[in-house]
Structure formats: structure tokens, C-alpha cells
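Student: What follows is a predicted protein model with its sequence.
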Amino acid sequence: MFDIVSFIPRAVAQSVPLLFGSTGEIITEKSGNLNLGIPGVMYVGAISGVIGSFLYERSFSDPSQINAFLGVLIPLACCLLGSLLMGLLYCFLTVTLRANQNVTGLAMTTFGVGFGNFFGGSLIKLTGAAVPSIALSATSNLFRRSLPLASGMGWFGKVFLSYGFLAYVAFVVAFAASYVLERTRVGLQLRAVGEDPATADAAGVNITRYKYLATCLGCMIAGLGGLYYVMDYANGVWSNDAFGDRGWLALALVIFTIWRPKVSAAASILFGGLYILYLYIPSGGNMAVKELYKMIPYVVTIVVLVFSSMRNMRENQPPESLGLPYFREDR
Amino acid sequence: MAHRVPAVSMRHITKEFAGKVVANRDVSLDIYRGEILALLGENGSGKTTLMNMLSGIYYPDAGEIQIDGKPVNIGSPKDAFDHGIGMIHQHFKLVNVFTAAENIVLGLKEKGRFDLAAASERIRQICDAYGFDVDPNQKVYDMSVSQKQTVEIVKLLYRGAEILILDEPTAVLTPQETDKLFAVLRNMRDDGKAIIIITHKLHEVLDISDRVVVLRKGEYVGEMATAETTAQEMTNMMVGRQVSLNIDRPPVEMDYRMERIRVKNLTVRNHDGVVKLDDVSFTAYTGEILGIAGISGSGQKELLEAIAGLQPVESGSIEYVVDATGPTEEVEQLIGMDPIKIAQMGVVLSFVPEDRLGMGLVASMDLTDNMMLRSFRDGTSPFTDRKAPRHLAELVVDELEVNTPGVSTPVRRLSGGNVQKVLVGREIAAAPTVLLSAYAVRGLDVNSSYLIYDLLNRQKGNGVAVVYVGEDLDVLLELCDRILVLCGGKVSGIVDGRTTTKNEVGMMMTKLGGGEA
Amino acid sequence: MIHITKRKEMPLPQALAIRLLAIALSLVVCGVITAVMTGLNPLDVYGTMIKGAFGTQRKIWILLQEIAILLCVALALTPAFRMKFWNLGGEGQILVGSLASAACMICLGDKVPNALLILLMAVASVAAGAVWAGIPAIFKARWNTNETLFTLMMNYVATQLVAYFVIVWEVPKGSGNIGIINQSTEAGWFPQLFGYKYLLNIILVALLTVAMHVYLTYSKHGYEISVVGESASTARYVGIKVDRVIVRTLLLSGAVCGFAGLLLVGGTSHTLTTTIAGGRGFTAVMVAWLAKFNPAIMAASSFLLVFMGNGAGEISTAYGLNHSFGDILTGIILFFIIGCEFFISYKVHFAKKEGERVV
């Protein structure tokens, strides 16, 4: 009945953007910045990669001839650059200019989603290309290439080895982030900045630098989630609004995992599974009921939120100064 | 002495804050190695601001700082560390969810691998050398105030600070803890460190310091060797005129004295299930000031909040005696009541809480709106009436000489003393029968403090049962008729304020047992 | 060396001037970007935008109607924001309000008189919005559950709920659309005042603006909201039931969002889609914040954002660009306005002394 061997790879594929997004946001929030612009950043990351690879593929008459190394590097670099610029914008407004973080984040999401959809919809017209839609199959093939032995290893290969390299990057980054946050001096200082910037400042930690670095790095990681989605999950086909609400779910994951990237590695797979669960629940051809099943991830998030707030433990709190701008001479 | 190079020399320092008066104007002072310098001044005299510029929190608008005779630029706390300057702030700069060791190594740029275990070992060594008791793995939120202070001191020593600044370090300590702290400070002085202690307590200046510098309204007033001065002389310099240092204590009118609040076997737990008050019993009488002494966090807050209807109670009773003169005593039970129900019963209970801007007042609202906090529900109209509160605000400003541009100024822009006048003024205006106050003079200058003592005494004269939670034992002993001493949520005794001694109360604060008044 | 200090309070004209300057600057940037995209002379860009917003009488009515709805949502969110409750669930609250209105129109359209139907729609949509905001409020009040995320998730639950009913009610079957409800009978459609389709919506929102201003500034409830927002412990200290105020305020907030849903279904589009709220729940957050939660100024900030949206829409249509162009321009303007607040609250000093390091 329920085909777990086909379910797990699909859940994992769904989980990767969420994991990138939540890891990026956790790093950001540990510095005390609540970046509600992450959904926008992920759009910008995705479209930047698309633009880069679109222009690169167009420079060949036969896109399948593209250089494998450059074919990966160009979208990757464009994606990181686009996300970095979004991160710098957020930091400039909230850290340097001390603007309200919620409003800045929402404005960034408006801007970022609009930016993605605009270029997604107008790229062909703007460049005068003679193609009907954006379909970067050559680039996508590079991003989707899995280990050659995966297909020969039965269910094991399918469940563990069938993914493109960005999926593994997501998990490596999550565990690395956990390690840095918990076990290193940099992690300790970053956490101090998010908990109590006045104390960290008095201890000689450069608050501005930590906030900028953490937030920009967080945005770049989140941007990779967008790139994975379009290049790997969507086979290099851009369609407007297809990325949907994954950015917001990534933010939900942050609270769900109590600001721990390594927990996020598992939780994102759970969420990815919930996200596609409606495909696996028999509805007897009733299309309407399927729409109700799609509520599941959101309802589960709410339930988890409520339960974690009921437990309300000292160790499970958000960084104490999350969302607050820091001004040293505040009295 | 004159030929030695000072460890720190501050020259013509000026600092201004937006919207406030000048915090420091043209202040110069020197600090030498191997001495303890007391920086004395009323609150708002600019002591902390001046030291914050030395520790890199603020940056001076004008003036120069020299270390060992060389001009330096201290633009951040890190610069200060690099020059061997460390400061312990009044509000501890510790990250609550970190352990002691994590706090101590925070911000250090040590070479090599990040090794908390090795750091913990060094911390233990420092503790052994000075006789501190710190568990490197304990989380700060589990610590008492004096433990936190110890962590702060260890933090400075760990970093090899040569110039230590302590901002009112004794405000939160018992007399015994203060003695221990002073012993450590003397040790460090003998090690050749330069120590600055910010305080407004004269007996501490006399006790610990070698030299004293007095600030008034942001300006340098003068300095002298501690051995050659007296408390009276220092006060006069601090305040700028002759003041009497005695607090009045009018006698209790025994003929009219009657029981007002009767607390029996009161037990209270906090959110985490920790017992904060344990079987507390006492009686507060009309026309007297009942002092409550204890190390901070011994249950004072919970006790007042339980009486005021703000704290859920596990067991016990709190009775309000309406009238004891009739043939049968008329009593109201306050347990299970909230502030509104208490008021509806006709009990006028006023409460001046410890956290003035966070609890007693709304910082961003103006005086008028703050006056309304207690009375805005009056009347049946769905709309608020701002006329009466404005009159009350004007009255309070007038009578208590609140220094404010007007009644439409947000209270957050007033100074500490004026904030307290607004709060106390509002609470007294209700003509209470019970007046609860927590740390009513904390952070206030001498003049404001005496005004508050005077107001409390007037309430006492009017037959109000006044409860005064205090931290300064000298004040408690001079002001209160009886003193209840709390220790770890238990009553360790109730003593007569006229006959007890500071030492006796101090002993009762740390262990159970004591006299009964 | 650059050094920053906090200002006391900037006089209003000066603060206003800074904001206007920021808007002007952002318009210049928007014009340049548009010119680069379209190859058009920037002045023509503004011309097209103004034409898009004010070009015809119909466009002006649409502009006013759009402002009214956005303002309505911003008004709805304001009491919650004043209480420091980040209600990001406006989108979902509008959606369930719309759903309730549409349900009344579809199920009762031919059974009750029109006046009663509209009344029932109003009651249903207001109640639905209130419930949608009330749920997170109860959990916030009782367990301090993070309201930002809770309300956000409620948006998606609402979207799926609407998606479900859209399929249940779709006409014709399999189209995935409801189409115009009661096209022939116009049952549940708002009456036209003086022959103007949107006038009733606009008048209702104008009245609501005044009412909300009075409620927040002069009522005892409004005072309680301010106290709770500034300090929950002060509120408890004077006997305000904080949890009750939170729930009551959010019921109001959600109810007004539901009302916006009613205006959308009954007074404007007469249909129901999952995107009927059109991001207004989020845009309104910025409208309210830009106006510092002052209902009168919100009318101006709504105008600004709607004008930009409609103007950019005109440009997109004229040059065959994607309609998301408006979001980009809106984003740019918001960044400028958000950034300019800094210069209102802080003062920047440039010291000329040599040899000093940057702090």
C-alpha cells in the first residue's frame, strides 16, 4: 500500500529547501536578527541562479555542450551573490539604520518574491530569447547528477544515494552549523550577541560585525534552498510562485527545532513528508478533500508551537534579544 | 605621590546626552596603582557615565584619557580591555543562559582550540587564590546576586585587568558579603591594582577607600584623602549644602494602634514550583512603619505582591482588618482577590513596586495617562476621562516638586527621583489604609530620598499601615518601627527598629533565629 | 569618525520632510530602474504611472476602492500592533471572512430577502474573521505561544479551507473556479449608492477609520490596549486582565479583517478565490507601521502603496512585463521609508579630528 521507498526520497527532496532555509535563519536569529525576509531571499537566490545559468546556456547553440564545472559554478555563484545582496540590504536597514526587523523582513519578502516572479516572467522578453519558457535542462542535469552506483543498490541507493549534490550540502551545512554554534568560540560569541548584545559588547565582541556576518551567511545558505528547488527539484523549469510558502515553513522549522540546525536535519524531512503526504492519502478521487489534506504541515506546525509553548523550558527559549535593534548608548 | 605616574588620568572629560542635561562637564581625575579610589556622588551626578567612558561603553564628546601617562583612544569595551581596564556594572553584564565559564571566556581572543575545560581549570585556580566560590559549569540564571557578582570579578581577573571599576557593588549584598568583598578588594589593591568604587554610601567610602573624589551634577567638586575627612563633610560636598543626615522616626501613637493586615502561614511558590515564601506569619499595624529586611530575592517581592492580589498563593491567609473596635471584629480575606476585587471591597491598598517603569508606571505614557492607571475604570462611560487625572498630575508635580517640562511629558524622560515622586504621589493620592513599598529610595539622590521618608512618615501619622521593603540597613534601622527579617522565604524574626543593631539584622538575614518584638 | 546619538524628539514638520524626501528619492530610483527595464524616458514612466492610477474615472474609482480595502485591513491590524501582538494573519482572516460571505451568498442567495442576506453575510464574515484571530490569541494569552508564526500558519490553513470550498462550489464542475456568484439575481451584492459601485465600500471604511481612531485614543479599551502593549506587568499591577484584553483585541482585529473580506466579496468582486486577499494582510502591516499606527496617516500610506501598485501595473501592461514589477517598486519604496526612520530618531555626527579611529 504505502510505498515507503518511494515516499522517503520525495520527502527528502521536499526537505532540502526547508533545511537550507531553516539553517540560514537559525544562524541569523542566533545573532538576534529575526529575518522574515527569508522567503524573499530564497526567491532571489533561485532567480539569480536561473538568470546566471540562463545567460550561460544561451551562449551555446546546443546547451548540452556546456562545461560541467562552469555550469554548476555560475548559477551557484549568482545565487550566493543575489542572496548576499539581500542579506546586506537587511543588515544595512536593521543593524546600521536600526529599523524594525519585522517590517524590514516583510518588505524584503514582498520585494524578493516580486523580483523572482518578475524576472521569471520577463527574462525571456528582456533578453529577446527565442525560447517559449525557462527550462534549464542542461544545468539541471548537472545539479541532479547522483552517484553512479546509486541505481545499482536497490532500496538503499534510492533512499540514501539518489540525490543531487546540493541535498548533501544542505545536511552537511546543518551539522556544521550546529557544531560551530555549540562548540566553538565564534559560536559562543554569536550566541552571546543574540542573547544579550550589551553584555557581548562589554566583553569586546563586535556586535555589528557578528550581526552582519551571521545574517549574510544565513541569507546565502537560505538562497541555496531556492537554487536547489529550481535546479534540482523542478528540473530547471522556472514557474512563477511555484516555490510557494516553503520560506515560511522554513521559519516555522526554526521554532519547531528550538534553534538547533542538527535537529532541523531530521525535522525538515518530517515536514517534507507532511508536505507531500496528501499525495499518499487515498481520497477516492475527491479533489476537494485533497485540498484539506494540504493543511497538514501547517496544522502540525501549530500543534507543535502550542506544545512547545506549554512546556516553556528555560533552555528552549528564542535568543533573548531576538528582534530588538542594539544601540550601545541606549539609556 | 605627586611624582608617580597615574595608572589612569582623565582630563577635561565632557559628555552630553540628547534630551538630558550634560552628564559630565570638564571632569578631571587621576587613579594610581595600589589604591582604592571612591567616586562619590548623588544619583545623576554622572559617576557611572564617567566610568562608562573609561570602559568604552560611551565615548566622550571632549577631553582626553591617558593610561600610564600616554593618551589613548577608548572607542569600545575591547579597547578598554586592551588597556587593562575592566568594569563591573550595576546591572551585571552576564548572559543568563550561559554558564559561568562561558561568560568568563566570552570575547577573549585566545589562540588555539576553544577549550572550555581548560578555561574552567584556570577559573578554579583564580577562585582558590582569592577564596571565591564559583562553579564554572553553573548557569547564570541559577545563581544568586552575590554569586553573579563573584563571576563578574573573576571575569576581570581572568582577563588580567589591572584597573578595576565597580559600580555600586554592595547595593545587593548583605553586610557580611560586603565585608568579604572588601577584603578581596584590599587584597587586589595590595597586588598593585588600581580600583575605583562608585558609591553613594558614606560609611563604605570611609571603610574601604584611600582617596575620594566627589562629583555633583556632572562636575568635579573636589577630592580628599579618606583618612582626613568625615561623613558630614563628604555629604555637604555631594549635595552642595549643609544637610541633616538623620531620618525622622515619629513615635507610634499607641492609643490608636490597631491590627490592619494579618498574614498567617502564608506559602507561595513561583512558576517553576520553587517555594518563595514558606509559612510566613506577621501582623502590620496602623500608624507604624513595618520594615522588611533580607537579601534580595528572599521573598520580599512575593510577599508584597501576595498582599496586593498579584501573586497566586498556595496556602495560608491574609486578613484585612476593617474594624477591630466594634464588639465583633470585621475582617476581609484578601487571598484569591485581584487588585480590582480588593478595591471593590473598599480596601484602599496602595503599592509602590520595585520596578517603577516596568510595573508601577507606563514609561512611554505622559504623567496624566499614568495618573489614570488606577482610576481609568471609574464611571460607566466607555470613554476615559482625562480631566481629573490631569488635575491630579498637576497637583503631584506641584506638591512633590517633580522636575518635568509638563504633565504631557512621557515619564520615561524624567530622572529616577522624579519618576518615583510621580509613582508615590499617585499611590498616596488614593488616601490608602495600607501602603506597600519596595525599595522606595533605590537609585534616588539624598534630597529625593528624604522627601520619600517624609512622605512615608506622614502616611504613618495618618494611621496608614506602611510596609517598607528596604535594602539599606542603616535606613531600615532609622526609619522603621519594627523590622521583619526574611531569609530564604522564611521569617527569621521580627525585631524592634529602635533597639536592634545592624549586626543582629545582618545575622538574621543569613540564618534563621532571632528576637521577637 | 562617525558617531551616532539618539535625538530627543524631532519636530513633526522636519520628520515629515525627511519622509517625503525619502519617498521622492525612492521614486527617482524606481523611475531609473523602470527606465532601464523598458528603455523608456523616466518622465514618461511617471506619466504612465499617473495615467495608470488616475487616467480614467473608472481607474480613480478602482484606486479609491483599493485604498479603502487596504486601509480597512490596516485598521484591523492596528489594535493588535498597539498591543505589540504581531498579527501576521490578516491574510487568513480576510480569507475566512470572504469564505463566510460567499457561503451565505451561495447557500442563502435565493432563500432570504437581500437586505437580510447582506446582514447575515456581515455577521458571518465578521464572526469568521474574529474566530480566526481569536484562536492564536487564546494560546498567546494562556501559554504565550508565539503569535507571529501561529497567525502565519493560520493563513495557510485558511487558504486550503478556501481551496476546498472553491472545488466544492466550482461552476462549472472541473473548472476550479466559482465564477461570479449570483450573477443573475445579484443577491448579496452591495447596493450601488448614487450609481457608484464602490461608494458604499469607501464610505464604510471612512466611518471605520473615524471609529477606530476614537476607540484607540479615547476609549477605556483603547487605554487598556496601550497599557498592555507597553508593559504587561504594569497592566496586571493595576488589575487589567491581560489575557482577556489580548483575546478581546484580537477578536476585534480579526473581525475587522473579516469585514474586509465582506467588502471584497459582497462589495467588489462577487466571487471567491484563494488569492482574493492578494497579500493585503502583509501589505497592511507595512501600511500601519509606516503610519506609526495612526489611523488618519494610514489613509495616506495606503494611498502611496496602492498608487505604486496600480501605476506599476499600468507599466507592466503597457510594456508586456510581468505584473510582479509592482512588488519590486513597492519594495524599493518601503526600503527607503524604513531606512529614513533612522534619520528621524538618530543624529549622525561627523567628527573632523584627525587620528581618531572609527568606533
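Tutor: Done, it's in.
Student: any chance you could map the helices in the stretch 51-200 of chain B?
Tutor: In the stretch 51-200 of chain B, the helices defined using DSSP state H, counting those that start in this stretch lie at B:77-82, B:100-105, B:116-130, B:145-158, B:175-190.
Student: go on, the stretch 201-350 of chain C?
Tutor: Using DSSP H, counting those that start in this stretch, the helices found in the stretch 201-350 of chain C span residues C:220-230, C:232-237, C:242-264, C:280-290, C:295-319, C:325-345.
Student: and of those helices, who's closest to B:Gly346?
Tutor: Counting by C-beta to C-beta, B:Gly346 lies closest to helix C:232-237 out of these; the figure is 19.8 Å. Where you see a C-beta, it was placed from the backbone N, CA and C, and this is true even at glycine.
Student: does chain A sit close to that closest one?
Tutor: No - residues of helix C:232-237 are not located near chain A by C-beta under 8 Å from any C-beta of the partner chain, the shortest gap being 15.6 Å.
Student: Select, out of the helices of the stretch 51-200 of chain B, the one closest to chain A.
Tutor: Evaluated over the helices of the stretch 51-200 of chain B, closeness to chain A peaks at helix B:77-82, with 3.5 Å, by C-beta to the nearest C-beta.
Student: Tell me which residues are up against the closest one.
Tutor: With contacts defined as C-beta atoms under 8 Å, 6 or more residues apart in numbering or on different chains, helix B:77-82 is touched by A:201-204, A:206, B:54-57, B:72-74, B:86-87, B:107, B:159, B:161.
Student: what would the helices of the stretch 201-350 of chain C look like in CSV with distance to chain B?
Tutor: Output for these, formatted as CSV (distance: least, C-beta to the nearest C-beta, whole Å):
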stretch, distance to chain B
helix C:220-230, 5
helix C:232-237, 5
helix C:242-264, 11
helix C:280-290, 17
helix C:295-319, 17
helix C:325-345, 10
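Student: Select, out of these, the one closest to B:Asn103.
Tutor: Nearest of those to B:Asn103, taken as C-beta to C-beta: helix C:232-237 at 26.8 Å.
Student: roughly how far out does stretch C:204-212 sit from the chain middle?
Tutor: 14 Å (C-alpha atoms, centre = their mean, to the nearest Å).
Student: should've said stretch B:270-277
Tutor: Mean C-alpha position of stretch B:270-277 versus that of the full chain (C-alpha atoms, centre = their mean) differs by 23 Å.
Student: returning to that earlier point: contacts with chain C among the contacts of helix B:77-82, please.
Tutor: Subset of the contacts of helix B:77-82 in contact with chain C: B:Asn73, counting by C-beta under 8 Å from any C-beta.
Student: Tell me where the model's unsure across the chain.
Tutor: Since you didn't name a chain, this refers to chain A. Within chain A, the set of residues satisfying pLDDT under 70 comprises A:1-2, A:150-151, A:312-315, A:329-331.
Student: Switch to chain B, please.
Tutor: Flagging of chain B using pLDDT under 70 yields the residue ranges B:1-3, B:18-21, B:43-44, B:242-245, B:511-517.
Student: Near chain C, which residues of it are found?
Tutor: Taking C-beta under 8 Å from any C-beta as the criterion, the neighbours of chain C within chain B are B:17-19, B:59, B:73, B:75-76, B:308-310, B:338-340, B:343, B:351, B:353, B:355, B:358-365, B:369, B:372-374, B:376-377, B:381-384.
Student: Which positions in the stretch 101-250 of chain A make contact with chain C?
Tutor: Counting by C-beta under 8 Å from any C-beta, the residues of the stretch 101-250 of chain A lying close to chain C are A:102-104, A:106-122, A:125-126, A:240, A:245, A:248.
Student: Residue 216 - nearest residue in space that isn't next to it in sequence?
Tutor: Let's take chain A. Spatial nearest neighbour of A:Cys216, excluding adjacent residues (C-beta to C-beta, 6 or more residues apart in numbering or on different chains): A:Gly87 at 3.6 Å.
Student: if you could check chain C rather than the one you did, that'd help
Tutor: The shortest distance from C:Leu216 to any residue that is not its chain neighbour, by C-beta to C-beta, 6+ apart, is 4.2 Å, and that residue is C:Gly222.
Student: Any idea how many residues pack against that neighbour?
Tutor: The criterion is other C-beta atoms under 10 Å in any protein chain shown. On that basis, C:Gly222 has 21 neighbouring residues.
Student: Could you find the closest non-adjacent residue to A:Gly105?
Tutor: Here the nearest residue to A:Gly105 in space, its sequence neighbours aside, is A:Leu36; by C-beta to C-beta, 6+ apart that works out to 2.9 Å.
Student: For the stretch 401-517 of chain B, give the residue positioned nearest to chain A.
Tutor: The stretch 401-517 of chain B approaches chain A most closely through B:Arg412 (9.9 Å), counting by C-beta to the nearest C-beta.
Student: quick one: contacts for that residue?
Tutor: With C-beta under 8 Å, 6+ apart as the criterion, the residues that contact B:Arg412 are B:357, B:363-364.
Student: Phi first, then psi, for the residue in the stretch 151-300 of chain C that chain B sits nearest to.
Tutor: Residue of the stretch 151-300 of chain C nearest chain B, by C-beta to the nearest C-beta: C:Gly239 (3.6 Å). According to degrees, to the nearest 10, the main-chain angles of C:Gly239 amount to phi 90, psi 10.
Student: which SSE is the residue most central in space within chain B in?
Tutor: Closest to where the C-alpha atoms of chain B average out (C-alpha atoms, centre = their mean) is B:Arg442, at 4.0 Å. For B:Arg442, there is no host helix or strand (DSSP states H and E).
Student: measure it to chain C for me?
Tutor: Note on B:Arg442: its distance to chain C, by C-beta to the nearest C-beta, to the nearest Å, is 17 Å.
Student: Which residue is the nearest non-sequential neighbour of that residue?
Tutor: Across the structure, with C-beta to C-beta, 6+ apart as the measure, the residue nearest B:Arg442 apart from its sequence neighbours is B:Glu471 (6.9 Å).
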